[in-house]
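Student: compute the structure for the input listed below.
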Amino acid sequence: MGDQAINLLLLRATPKSGSKNVSGIASALRLAKQGEFAKVVVTYSSQSNNLYGYFYLKNPCKIAPVDANTFLGELASLLDAFELSRIVFVNSIKGFSSAELPQNRYTVEMDFELGWEREVFAWYDNEHLLGLASVPGCVDTTRSINLDHAPYSFSFYDLVSTEVQSCGSWLKVRNTAWSDKVRPHFSNVRRTMFSFL
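Tutor: As a prediction, this is how the structure comes out:
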């Protein structure tokens with residue numbers, strides 16, 4: 001799996017406790033890395049104090065694991081904990097509201113029981129991503145694989161607001177017979193709502 005073309009590097013980090021300048025950290029990351037990457041996106045969840053940085057490669061290519069300390073340099077001093085992962089996109093779908101500007105990125109990270117990979121990925125690609133992409137307020141959906149750090153499955157949904165996640169259309173997609181079949185076999189699940197910085 002490690003020989004696949006990488007789409008982005010994902011920084012999962014915790015800003016230093018008491019840091020009130022998360023926007024400043026985001027600006028510093030973008031400034032330091034904007035020339036190296038096609039796009040740099042930084043998101044933050046105040047509820048979990050997690051900062052996720054997405055560094056999109058200019059061209060997908062095979063790369064070796066990247067040392068997070070070397071990548072961050074002096075910026076590492078702004079963070080309590082961090083890791084850098086190589087991410088491979090598997091499926092990306094434009095959403096109902098693809099012409100709108102997203103305000104939030106909702107991430108779902110998980111592993112699953114041995115023997116359930118094929119079923120879970122089939123559910124994602126043939127029902128779940130398509131269904132959520134069709135919900136008004138959903139800008140796009142992406143399923144990807146984290147090659148370096150658990151959880152292994154990493155999906156994210158760009159939304160025009162946090163309210164999209166609680167609307168009837170979204171909840172209907174989440175509560176299907178196929179969803180009920182696969183969900184008990186998820187493990188190490190992390191669901192986080194982020195705001196773009």
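Student: look up how far residue 103 lies from residue 8.
Tutor: Applying C-beta to C-beta, to the nearest Å, the value for residue 8 to residue 103 is 20 Å. Bear in mind the C-beta positions are built from the backbone N, C-alpha and C, glycine included.
Student: same question, residue 146
Tutor: Taken as C-beta to C-beta, the span from residue 146 to residue 103 is 24 Å.
Student: same thing with residue 45?
Tutor: Distance from residue 45 to residue 103, by C-beta to C-beta: 13 Å.
Student: overlap in contacts of the two?
Tutor: By C-beta atoms under 8 Å, 6 or more residues apart in numbering, residue 45 and residue 103 have these common neighbours: residue 195.
Student: hmm, residue 111 and residue 152 touching each other?
Tutor: Yes. Counting by C-beta atoms under 8 Å, residue 111 is a contact partner of residue 152 at 5.2 Å.
Student: who's more crowded, residue 146 and residue 103?
Tutor: More crowded of residue 146 and residue 103, by other C-beta atoms under 10 Å: residue 146, with 19 against 16.
Student: pretty sure the more buried one contacts residue 152?
Tutor: Yes. Counting by C-beta under 8 Å, residue 146 touches residue 152, with 5.7 Å between them.
Student: tell me the strands beside the top strand by length along the chain, with direction?
Tutor: In the chain, assigned by DSSP state E, the strand with the most residues is strand 79-94. Note on strand 79-94: by DSSP bridges, its sheet partners are strand 6-15 (antiparallel), strand 138-146 (antiparallel).
Student: and residue 187, what element?
Tutor: For residue 187, the host element (DSSP states H and E) is strand 186-196.
Student: who are the packing partners of that strand?
Tutor: Secondary structure elements in contact with strand 186-196, counted by 3 or more C-beta pairs under 8 Å, 6 or more residues apart in numbering; DSSP states H and E, are strand 39-45, strand 50-61, strand 104-112.
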